[in-house]
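> Model the structure of this input:
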Amino acid sequence: MYHLRTPKDDIEFAAYYQFRWEMLRKPFKQPLGSEKDGYDLTAHHQMVVDEKNRILAIGRLYINADNEGSIRFLAVNPVMQGKGLGKLIIMALESSARQEGVKRIVSSVREEAVPFFAKMGFETRGEVSGELKAPVRHYLMIKPIETLDQILHRPDWCGELQQAWHKYIPLSEKMGVRIEQYTGKRFITTMPEAGNQNPHNTIFAGSQFSLATLTGWGMIWLLLHEHQLGGDIILVDANIRYGKPVSGRPIAVADLSHLSGDLDRLARGSKARVKLDVHVSNADSQVGAVFSGTYMVLPVAGETTNR
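I've put the predicted structure just below:
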């Protein structure tokens, strides 16, 4: 069992810095103290520990004056590499960056770590020059942090929905599910390839099902807001047809033309049944799976509207 968290006291920070030195500085015979810099006091720190509180992976995010996030000191115990711990750290730091309103993240990445960062959505911008003391080659890698600025209709609702997902359905954040677009009639979501691939390098069927379920749930949540209604949304029946493998970053689309139900029943204090289809496709819009879900929306006790 692994736990992702921030060091909470001086003892844990001492162990955190010791791990940083052992993983990143000791192999190059650099002295204790070289693992720290002046930005540590105001940076975001994350670590993964096991059930005995032993540190397995670490990473740091610092936000500079230009509101740019910088990830440094990412390290995973060699024995634990390949188990997704580095991905957990990166995703946690990216989440912190989004909360701080950061527009992009940069990192000076060791040559052997370039493929890993590329899988996490970072782009290589060339070898870093001027690091004369660096014992290995480093490459500048950049990842834009996508915001909801591109949402055409009610980006405020979409931001609220994204936060609700992360709060009440933590799996959505671990999968990297995010809102791509909402027009009032069409709702589009996506998630990264990294962490959602099967051994064949296509998107895992379970990840497609989860993405489609959240997309359908989100579409109904937004429609409730459109109609100024409140209700608890519950998936009561679902099936998915996998037509072809989905490769690359998947896109899930829920459209009003594939939805049926009477939400106005909620205004009369009755539960409402909503059926909809969600299409999951790859980046070039080739549909790989079709999800059909039936959701029950239960009226909120004591009220008929909530907006």
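> can I get the CA coordinates of the helix or strand containing residue 75 in CSV?
Assessed by DSSP states H and E, residue 75 sits inside strand 69-76. This file holds the C-alpha atoms of strand 69-76, laid out as CSV (Å, rounded to 0.1, in the frame of the first residue of the first chain):
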residue,chain,number,x,y,z
GLY,A,69,5.9,26.1,-12.5
SER,A,70,9.3,24.3,-12.3
ILE,A,71,9.5,20.6,-11.4
ARG,A,72,12.8,19.4,-10.0
PHE,A,73,14.2,16.7,-7.8
LEU,A,74,12.0,13.9,-9.1
ALA,A,75,13.3,10.7,-7.9
VAL,A,76,12.1,7.1,-7.5
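> what angle do whatever helix or strand comes next after that strand and strand 69-76 make?
Counting by DSSP H and E, the next helix or strand C-terminal to strand 69-76 is helix 85-99. Put simply, helix 85-99 runs at 160 degrees to strand 69-76, going by axes from the mean of the first three to the mean of the last three C-alpha atoms, to 10 degrees.
> Run through who's touching helix 85-99.
Contacts with helix 85-99, where a contact means C-beta atoms under 8 Å, 6 or more residues apart in numbering, come from 2, 4, 44, 46-48, 56-61, 63, 69, 71, 74, 76, 105, 116, 120, 143, 145, 147, 166, 173-174, 176, 194-195. All C-beta spots, glycine's among them, are computed from the backbone N, C-alpha and C.
> Can you flag the buried ones in those?
Buried subset of those (neighbour count, 16 or more other C-beta atoms under 10 Å): 44, 46-48, 56-61, 63, 69, 71, 74, 76, 105, 116, 120, 143, 145, 166, 173-174, 176, 194-195.
> out of those, which are inside helices?
116, 166, 173, 174 (DSSP state H).
> so what's residue 188 bridging to?
Beta-bridge pairing for residue 188 (DSSP bridges): residue 181, residue 253.
> Report the separation between it and residue 153.
12 Å (C-beta to C-beta, to the nearest Å).
> So between the two, which is more surrounded?
residue 188 (19 against 15; other C-beta atoms under 10 Å).
> shouldn't that one be in contact with residue 251?
Yes - contact criterion C-beta atoms under 8 Å: residue 188 and residue 251 qualify, at 6.3 Å.
> Quick check: chain neighbours aside, which residue is closest to residue 269?
residue 299 (5.3 Å; C-beta to C-beta, 6 or more residues apart in numbering).
> Which of the helices and strands in the protein ranks last by mean pLDDT?
The weakest-scoring helix or strand in the chain, judged by mean pLDDT, DSSP states H and E, is helix 170-175 (a mean of 84).
> counting contacts, what elements does it pack onto?
helix 85-99, helix 155-168, helix 205-226 (3 or more C-beta pairs under 8 Å, 6 or more residues apart in numbering; DSSP states H and E).
> about what we covered before: and the furthest pair within the ones in helices among the buried ones among the contacts of helix 85-99?
Spatial extent of these (C-beta to C-beta) is set by the pair 116 and 166 at 23.9 Å.
> which residues touch the residue nearest to residue 269?
Residue 299 is in contact with 230, 231, 266, 269, 270, 271, counting by C-beta under 8 Å, 6+ apart.
> what's the answer for residue 110, then?
Neighbouring residues of residue 110 by C-beta under 8 Å, 6+ apart: 136, 137, 138.
> Just among these, which is most surrounded?
Top of the contacts of residue 110 by neighbour count (other C-beta under 10 Å): residue 138, with 18 neighbours.
> just how off-centre is stretch 35-43 within its chain?
Mean-position distance between stretch 35-43 and its chain equals 25 Å (C-alpha atoms, centre = their mean, to the nearest Å).
> ugh, wrong one, stretch 110-125
From the chain centre to the centre of stretch 110-125 is a distance of 17 Å (C-alpha atoms, centre = their mean).
> ok, now stretch 230-243?
22 Å.
> Same question for stretch 150-157.
The answer for stretch 150-157 is 19 Å, by C-alpha atoms, centre = their mean.
> buried ones in that stretch?
So stretch 150-157, judged by 16+ other C-beta under 10 Å, has buried residues 151, 154, 155, 157.
> From residue 166, how far out is the residue sitting nearest the centre point of the chain?
Geometric centre of the chain, nearest residue: residue 176, 2.5 Å, by C-alpha atoms, centre = their mean. Plainly put, residue 176 is 11 Å away from residue 166 if you go by C-beta to C-beta.
> Please apply the same query to residue 253.
Relative to residue 166, residue 253 is positioned 21 Å away (C-beta to C-beta).
> repeat for residue 272
Separation of residue 272 from residue 166 (C-beta to C-beta): 26 Å.
> Repeat that for residue 206.
Distance from residue 206 to residue 166, counting by C-beta to C-beta: 19 Å.
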